[in-house]
Each structure stands twice: as C-alpha cells, then as structure tokens.
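I would like to see how this sequence folds:
(one chain, ligands or ions: 1)
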Amino acid sequence: MKIFFLLFVGLCMLGLNSQSQIRKNYCAVKPGTSEVELIRIAANITPSEPQLRWQQLEMTAFFHFGINTFTDREWGEGTEDPKLFNPTQLDARQWIKACKDAGFKQVIITAKHHDGFCLWPTKYTEHSVKNSPWKDGKGDVVKQVADACHEAGIGFGVYLSPWDRNNPSYGDSPKYNEIFLNELTELLTNYGKVDEVWFDGACGEGPNGKKQVYDWPGYYQLIRKLAPEALIAIVGPDIRWVGTESGYGRQSEWSVVPLGEADEKKIAETSQSNVIIAPTLDYQNQDLGSRMKIKDAKGLIWYPAETDVSIRPGWFYHTSQDEEVKKPEKLLDIYFSSVGYNSVLLLNIPPDRRGLLHDNDVKAMKGLRSLLDTMYALNFASNAKLKSDGKNVQGITDHQLTTYWITKGDKESGTIEITLPHQQTVDVLCLQENITLGQRIEKFRLEYKDGEQWKEAGKGTTVGYKRLVRFNPVTSSAFRLIIEASRLNPTISELGIYKLPLQNPK
Ligand code: FUL
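Residues are numbered from 1 along each chain as shown. All right, here's what the predicted structure looks like:
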C-alpha cells in the first residue's frame, strides 16, 4: 500500500499525472516552477462555489437611485437636503419584474452613493431616507428591493460607496472605517441574503482636508463573516472590473490571472486558503492572462470579469436622457461583447423620480429579451449528427455545464464534426467550457463545408464560461469545430449554432 502511495506521489511530482486536479480558485506558484507545471496549475484553477453561481447568472442589473435622481446630477456633493428625496410611486416590485422578465438574475442597488445619502434608515447618519418626506421618513428602499428580489427568487446585491462626501468623520480614518463597518453590518444582517457587495475605489479628500485610508481587509473580513456566500466585486477579491464602462469587454478574456510578488506577500500574511485581497492588475490591459502574461506569476487566481454599463448615458436618471435609452439592437451588441466574451453583464437601469423604471427602458429590455429568445430558440447543432476524436460528444447540447466533451489522452487539440439534417444559414457560434475543471481553450475556429471544400466561418481565442462569435452568414449542412490550442485537455460543455434575428450587427 505504502509503495503504491509513494509511487503516486512520485508521479505527481514528475508532472506525469497531468490530469491531477488542483480544484481551487487560487494557487501560489513556487519559485523554480517549470513552464509546463505553471500551465498545468493555470488549467486547473476553478471558480469558487459563489463565483460559479455568479458566472451562470450571465445578466445582472444595477439600479442607480438616490438623491442624484432628484437633483439631476451624477455625483452629489453630500450637502443636499434629504427632503429632496421624494419618489411619488416607488415600487421595487416593478423594477424586479421588468428585470426578471428580461432575463436578469440578480440586481444591485446603490444603498449609498458618493453623496453619502443612505437609502435605508441607518442608525449611523442622519443623511438618509428617514429624514425625507417619502413615507413620512418611515420608508426603506433597500428593504423594498431586497424583499422584491427574495419574493421573485433573484439575487440581491448592494453598492456601498466608501467615498462619502457627507459624513463629517470621512478622512478621520479609524472613526469613518468604524461607521462604514456599521453600515455594512446593517445591510448584511437586516435584509435577508445578500449575494453581491459592490465597492468602487473612489477616495476623495475629507471635509477636514484629511485623506481617508480605507480598511479594505476589515471590510472584506466582515462580509466573509456575515455573508460568506456574497461576492465582493470590483475593489474586492472575487470579481474584477472588465476595464471599461462601455459594455464592451475583451475578446480574449481569461478568468485566471497572475498575481505578483506584493499580492502574494499580502495573501501569505492573511490566509493561504481564502484569498481576501483585491489583486493588483492593470485592469485596462487587453491581455490579462495569456501564457506570456502568466509566465512570471507568483500566484494564479480565478478572478472573472464583470462588465458594467448603463442603459442610458448617465448612471442616474435624467429626464433629458429619456430619448437616449440604448436600443435593443445596441443592447444585443453589448450582450455579445460582455456575456459573449466570458464576462457577466451588469446593466444599469436607473429608476426615475416616480421611483419606477421608465417605459423606454422597460421596452428596450423587453426588446433585448425578445431578440435573445428568438436566437436561442433554435440551436441547429441540437438535432445534428455529432462526431469527434474525443470523449462524450453527446454532452455538448444537453444544457448541462458538467456533461462535456473532452479530448482523449493528453491531446491539447481536437475536432468536433457537426452534420445537420438540412442546409441552414447561420451566423453565430456559441461555445462553453466546463469551467468546473478550469479555463483551457486558447484558440479555435469553426469551419463549414462549401461543396467539397472546408472554409472558415469564424474563429476566436479564449472561451471560458461562454464565448459567442458572430460571423458573416454561411449556408451549409456540415460544420466542424477545431480546437487548435489549449492548456491541457480542452473541454466543450455546450455548443450552439444559431441565426441572428437581425442583420449581423458585427
Ligand atoms: C463609478 C462611480 O463614480 C459612478 O458614479 C458609478 O457609480 C459607477 C458604477 O462607478 O465609479
């Protein structure tokens, strides 16, 4: 027995057991690690349970709502009179219904924006709904949104701005940090399950001229303690900013990114198994995770991208922008460039002064849903004959993430042939990897048969949870997906071939 055990350990150390699983969302890279071993580690980093749940949401919604809604501003100064906050027909159920109907599976409300006005009657400042005329100061927007989400069975998240232009203690670091922790405690204990906590890093000067130093580790620890399943986004350990606010992510989007020396040191100081630091990255760089990018990594972490964008030019509601709501076709283009680029879409739909989502916004969301439903209704691959040089090709059209095609032995490339019963005109390829094993594919192409000749229809680099590729329409009954390069064995969890319900907006 002992001999077998020693033999097994020996094989792992020699790197011969290329399929041995690391199965965790972070791994330190020891000095002297070979390139082959580094790739093996990268290919086996997987999302944590909450990250996996979040990635599968695909579309989430943001609600920027607060004092700015009533002052027609984007950034309030913190000196606004709480009496200005007076929605006439606030109904969070209307917001949640519109989102749910359009396919959004989680929402985030700006509980406090930079102006410091709190949408819940917190005990820790007077600058809140409790001093507004709305419901005679007895209202609680956060509660309405949380209750509506929980009733509808969709996720609930909070945006809490650390930058607070109202709080007199802001800039007096320990004092303000304590207030901030108290606010977080209220939000994480009084409103049922919280699924996402969204921080941005803005840090202005305090009224006393002092610079506030945020206690990020303290904030994160409190969230882990009170809401262990909540993801901490943007300035946080679980979800990263995609790097733009345009709705357009990267075509090559790696969810596994490298950590440098300084981050590794911080992790070592906290805990090796539960990363609670926000990794330092050049978020706007086009390449965050290629082989070149990870070659000097001191650690590797699953740190997926969220693409935040507003349905209107501003984050908050402005009557003057009622005619500038993005059209369904534009939203579809954004969907392809966010969800379709291995990222989660966080679309902001700002409630108006009535406290309702405006008709124009609701119409646009419905329009997006209808385009997506029409496209996804018919996957031409689902009644096709599938043939491949790998294992379990039937698993790629069964809507199950964890039944998947994989290459045999240690092959890092492979082909799947898709023969349709009849010729079809198509222009979209949808691929998904089984990310519960890791993100691996580095290069792929789709070919179609034109007469006797195979021609290229579309191609791409990374896949990850979901990759959509639009291409000029082609008509054929024979297609083949060729995985050209991968980190270890590539997997395909789902494959779809579709026709866009409109002229290709590529
Ligand atoms: C930014 C903020 O300054 C904007 O007002 C908005 O909340 C956006 C989502 O994040 O950092």
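
List the buried residues of stretch 294-303.
294, 297-303 (16 or more other C-beta atoms under 10 Å). Every C-beta, even on glycine, is put in place using the N, C-alpha and C of the backbone.

out of those, which one sits closest to the ligand?
Tyr303 (18.8 Å; C-beta to the nearest ligand atom).

ok, so of the buried residues of stretch 294-303, who is nearest Val107?
Closest approach between the buried residues of stretch 294-303 and Val107, by C-beta to C-beta: Tyr303, at 22.6 Å.

re earlier: could you point out the member of the buried residues of stretch 294-303 that lies closest to Leu356?
Tyr303 (36.1 Å).

how about that closest one, what does it touch?
Applying C-beta atoms under 8 Å, 6 or more residues apart in numbering to Tyr303 gives the contacts 237-240, 255-257, 279, 281.

Let's see that with 10 Å instead.
Tyr303 sits next to 25-26, 45, 47, 51, 236-240, 254-259, 275, 278-279, 281, 288-289 when contact means C-beta atoms under 10 Å, 6 or more residues apart in numbering.

got the contact list for whichever residue of the chain sits closest to the ligand?
Across the chain, no residue is closer to the ligand than Asp200, which sits at 3.8 Å (C-beta to the nearest ligand atom). Applying C-beta under 10 Å, 6+ apart, we find Asp200 in contact with 113-114, 159-163, 233-235, 241, 308.

Excluding sequence neighbours, find me the nearest residue to Asn360.
The shortest distance from Asn360 to any non-neighbouring residue, by C-beta to C-beta, 6 or more residues apart in numbering, is to Val325 (4.4 Å).

again but with Trp120, I slipped
Val142 (4.0 Å).

Also Pro350?
Nearest non-adjacent residue to Pro350 (C-beta to C-beta, 6+ apart): Tyr317, at 4.1 Å.

I figured that neighbour hits Thr110, correct?
No - counting by C-beta atoms under 10 Å, Tyr317 does not reach Thr110; the two are 11.7 Å apart.

Between those two, which contacts overlap?
Residues touching both Tyr317 and Thr110 by C-beta under 10 Å, 6+ apart: 63-65, 68-69, 350.

Neighbour count says what about these? Which are buried?
Buried among the shared contacts of Tyr317 and Thr110 by 16+ other C-beta under 10 Å: 63-65, 68-69, 350.

Now, these that are in strands?
The members of those that map onto strands under DSSP state E are Phe63.

Taking the buried ones among the shared contacts of Tyr317 and Thr110 together, which two end up most distant?
Largest separation among these by C-beta to C-beta: Phe63 and Asn68, giving 12.3 Å.

Need the overlap of contacts for these two.
Common neighbours of Phe63 and Asn68 are listed as 110, 315, 317, 350 (criterion: C-beta under 10 Å, 6+ apart).

Tell me which of those residues fall in strands.
Filtering the shared contacts of Phe63 and Asn68 for strands - DSSP E - leaves Thr110.

Show me which of the shared contacts of Phe63 and Asn68 is closest to Lys225.
For these, the nearest to Lys225 is Thr110 (23.6 Å; C-beta to C-beta).

Quick one: residues contacting the closest one.
Taking C-beta under 10 Å, 6+ apart, one finds 62-66, 68-69, 117, 119, 141-142, 158-161, 198, 315-316, 348, 350 in contact with Thr110.

filter those residues down to the ones near the ligand?
Trp315 (C-beta under 6 Å from any ligand atom).

Verify the contact between Ile232 and Tyr220 for me.
Yes - using C-beta under 10 Å, Ile232 is in contact with Tyr220, at 6.0 Å.

Give the residues shared as contacts by those two.
Joint contacts of Ile232 and Tyr220 (C-beta under 10 Å, 6+ apart) are 197, 199, 238, 276, 278.

With respect to pLDDT, which of those residues ranks lowest?
Ranked by pLDDT, the shared contacts of Ile232 and Tyr220 bottom out at Ile276, which has 87.

count of neighbours near Cys203?
Residues near Cys203, counting by other C-beta atoms under 10 Å, number 15.

Could you look up the SS state of Ile96?
helix (DSSP: H, G, I helix; E, B strand; the rest coil).

Please list all residues in contact with it.
Under the criterion of C-beta under 10 Å, 6+ apart, the neighbours of Ile96 are 61, 63, 104, 107, 144-145, 147-154, 156, 357.

just to revisit the earlier point, same list, the buried ones among the shared contacts of Tyr317 and Thr110, but as CSV with pLDDT please.
Shown next, in CSV, are these (pLDDT from 0 to 100):
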residue, pLDDT
Phe63, 99
His64, 98
Phe65, 98
Asn68, 98
Thr69, 98
Pro350, 98
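
Which of the contacts of Thr110 fall in helices?
Secondary structure defined by DSSP state H assigns 68-69, 141-142 of those to helices.

Now flag whichever of those residues is closest to Pro473.
Of these, the one sitting nearest to Pro473 (C-beta to C-beta) turns out to be Thr69, at 43.5 Å.

For the shared contacts of Phe63 and Asn68, which two are the farthest from each other?
So for the shared contacts of Phe63 and Asn68, where distance means C-beta to C-beta, the most widely separated pair is Thr110 and Tyr317, at 11.7 Å.

quick one on the thing from earlier: how about the residue nearest to Pro350, what does it touch?
With the criterion set at C-beta under 10 Å, 6+ apart, Tyr317 makes contact with 63-65, 68-70, 72, 349-354, 356-358, 361.

My guess is Lys295 contacts Glu37. True?
No - checked against C-beta under 10 Å, the pair Lys295 and Glu37 is beyond contact range at 11.9 Å.

Show me which residues of the stretch 201-350 of the chain are close to the ligand?
So far as C-beta under 6 Å from any ligand atom goes, the stretch 201-350 of the chain lies against the ligand at 202, 308, 315.

Compare the residues you listed and tell me which is most surrounded.
Asp308 (24 neighbours).

How about the secondary structure of that one?
strand.

ok, for it, nearest residue in space, not its chain neighbours?
Nearest to Asp308 is Leu346, by C-beta to C-beta, 6+ apart, at 4.2 Å.

next one: Glu77
Of all residues not flanking Glu77 in the chain, Arg165 sits nearest, at 5.7 Å (C-beta to C-beta, 6+ apart).

Same check on Gln284?
Gly243 (4.1 Å).

Report the contact partners of that neighbour.
Neighbouring residues of Gly243 by C-beta under 10 Å, 6+ apart: 249-250, 281-286, 288, 305, 307.

farthest-separated two in those?
Checking these with C-beta to C-beta, the most distant pair is Asp282 and Thr307, at 17.2 Å.

So between the two, which is more surrounded?
Thr307 (26 against 10).

Report the contact partners of the more buried one.
Thr307 is in contact with 241-250, 253, 334-335, 337-339, 341, 343-347, counting by C-beta under 10 Å, 6+ apart.

Per-residue pLDDT of it, please?
Per-residue pLDDT puts Thr307 at 98.

Ok, Gly206 next?
Gly206 carries a pLDDT score of 77 in this model.

repeat for Phe5
Phe5 is assigned 36 on the pLDDT scale.

And Val9, by the same measure?
Confidence score, pLDDT, at Val9: 35.

Same list (the buried ones among the shared contacts of Tyr317 and Thr110) but as a markdown table, adding distance to Glu186.
Formatted as a markdown table, those follow (distance: C-beta to C-beta, whole Å):
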| residue | distance to Glu186 |
| --- | --- |
| Phe63 | 19 |
| His64 | 20 |
| Phe65 | 18 |
| Asn68 | 22 |
| Thr69 | 22 |
| Pro350 | 24 |
